[in-house]
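Enquirer: kindly return the folded structure for what I paste below:
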Amino acid sequence: MGKLRVFLFTFLSTLIFSSISLGQDMEERKMNMVSLFEIDPSKEEQFKEAWKVIRDTAIANDYAYTDYVGSWRNMHWMVTPLKNFADVDALWAARNAVEEKGGRKFERAMDDFLGAMTNSHTFFTIDDADLSYWPEGAEAGSYMEIDTFYYDYGKKDEMRELLADYKALMAEKDLPYPYQVSWDSLGTEGNSVTIISYAEDAVALAQSDAATAEAMEGDEMAESIFERYLNIATRSKTMRGKYHADISINVPEMDEEM
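Expert: So this is what the prediction gives:
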């Protein structure tokens, strides 16, 4: 049981990705546990093979949670939707059960999994369906740009207001590009919000960014929103990622089509 406890500790020791729930019901599971794994490039195959054993063992032993898996360069990430912090205990119990049934093969896979890492970080995020923008007919796509915006302490209400205004402006201009808003929670630096934009690939994302910029150019409301943001912003960071349904665990059917 020790190996999985180490594994779970790396989960609970955390952008970042900040977060995604993709097609999962936000009312049912609107909190996410996000784990980032930085991999030694020379051990990429070792990591992938180890994860395959872990994944197969979990599926074979009725592991009940969804783990969305993705990557960018030598960074891999896993997002597990949860109902709340109390649900973490149930997740631990489910992963312990997998470990107990996995035997020596699972233990060896865990050794290889952990041995391929150079760093890890786990944190929690809270989805905000009210501020996320999902126009009718929009599809998520498997390519993501993850932007985390940091703001002055005590300015969350102002950030929420400007995000609401921006969503309204996107809808007014009938722009078809979806994004998800999540507030960073336990394990993050705080005072930050993450926006994930979706597209089929990097080219499609660049095209949507260009189209959005063109639509907002010269718009007084857009300029006002940007100015309000600059008044409370401290910094930002961007990460990109590719979601892999084929190596994720218990992906809802609607997400497998992404």
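
Enquirer: contacts, neighbours, all on C-alpha from now
Expert: Noted.

Enquirer: now the strands for this protein?
Expert: Taking DSSP state E, the strands of the chain run over residues 31-39, 68-72, 75-82, 117-127, 143-151, 179-184, 192-199, 233-243.

Enquirer: ok, and for stretch 64-78, which residues are buried?
Expert: 65-71, 75-78 (16 or more other C-alpha atoms under 10 Å).

Enquirer: nope, stretch 141-156 is what I meant
Expert: Buried residues in stretch 141-156 (16+ other C-alpha under 10 Å): 141-152, 156.

Enquirer: then stretch 52-61?
Expert: For stretch 52-61, by 16+ other C-alpha under 10 Å, it's 53-55, 57-58.

Enquirer: quick one, helices of the stretch 1-150 of the chain?
Expert: 2-12, 44-60, 87-115 (DSSP state H, counting those that start in this stretch).

Enquirer: domain map for the protein?
Expert: 2-127, 143-241 (automatic domain parsing).

Enquirer: got the contact list for Phe113?
Expert: Counting by C-alpha atoms under 8 Å, 6 or more residues apart in numbering, Phe113 touches 46-47, 50-51.

Enquirer: so, low pLDDT: which residues of this protein?
Expert: Applying pLDDT under 70 to the chain flags the ranges 1-29, 253-258.

Enquirer: ok so, going back, what's the most distant pair in the contacts of Phe113?
Expert: Of all pairs drawn from those, the widest gap by C-alpha to C-alpha lies between Gln46 and Trp51 and measures 8.6 Å.

Enquirer: give me the number of neighbouring residues for Gly189.
Expert: One correction, residue 189 is Glu, not Gly. Residues near Glu189, counting by other C-alpha atoms under 10 Å, number 11.

Enquirer: deepest in the core, which of the domains of the chain is it.
Expert: domain 2-127 (a mean of 19; mean count of other C-alpha atoms under 10 Å).

Enquirer: what's the distance between the residue nearest to Ala94 when sequence neighbours are not counted and Gly102?
Expert: In space, and not counting its chain neighbours, Ala94 is closest to Tyr63: 6.1 Å by C-alpha to C-alpha, 6 or more residues apart in numbering. Between Tyr63 and Gly102 the distance is 12 Å, computed by C-alpha to C-alpha, to the nearest Å.

Enquirer: can you pull the contacts of Ile39?
Expert: Residues in contact with Ile39 (C-alpha under 8 Å, 6+ apart) are 47, 74-76, 116-119.

Enquirer: got TSV for these, with distance to Trp134 too?
Expert: What follows is these, written out as TSV (distance: C-alpha to C-alpha, whole Å):
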residue	distance to Trp134
Phe47	34
Asn74	30
Met75	27
His76	26
Ala116	37
Met117	35
Thr118	36
Asn119	34
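
Enquirer: pick out the most distant pair among those.
Expert: Taking C-alpha to C-alpha, the two most distant members of the contacts of Ile39 are Phe47 and Asn119; they sit 13.0 Å apart.

Enquirer: quote the end-to-end distance of stretch 121-135.
Expert: One end of stretch 121-135 to the other measures 33 Å (C-alpha to C-alpha).

Enquirer: picking up where we left off before, which of the buried residues of stretch 141-156 lies closest to Glu38?
Expert: Ile146 (16.8 Å).

Enquirer: follow-up on the earlier one: out of the domains of the chain, the one nearest Glu136 is which?
Expert: domain 143-241 (8.3 Å).

Enquirer: what's the span of that closest one, first residue to last?
Expert: Domain 143-241: ends 6 Å apart by C-alpha to C-alpha.

Enquirer: again with stretch 230-249
Expert: Stretch 230-249 end-to-end distance (C-alpha to C-alpha) = 40 Å.

Enquirer: show residues contacting it.
Expert: With C-alpha under 8 Å, 6+ apart as the test, stretch 230-249 has contacts from 15-17, 52, 55, 59, 65-72, 142-152, 155, 251, 255-256, 258.

Enquirer: please redo it, this time with the cut-off set to 7 Å
Expert: With C-alpha atoms under 7 Å, 6 or more residues apart in numbering as the test, stretch 230-249 has contacts from 55, 66-72, 142-152, 155, 251, 256.
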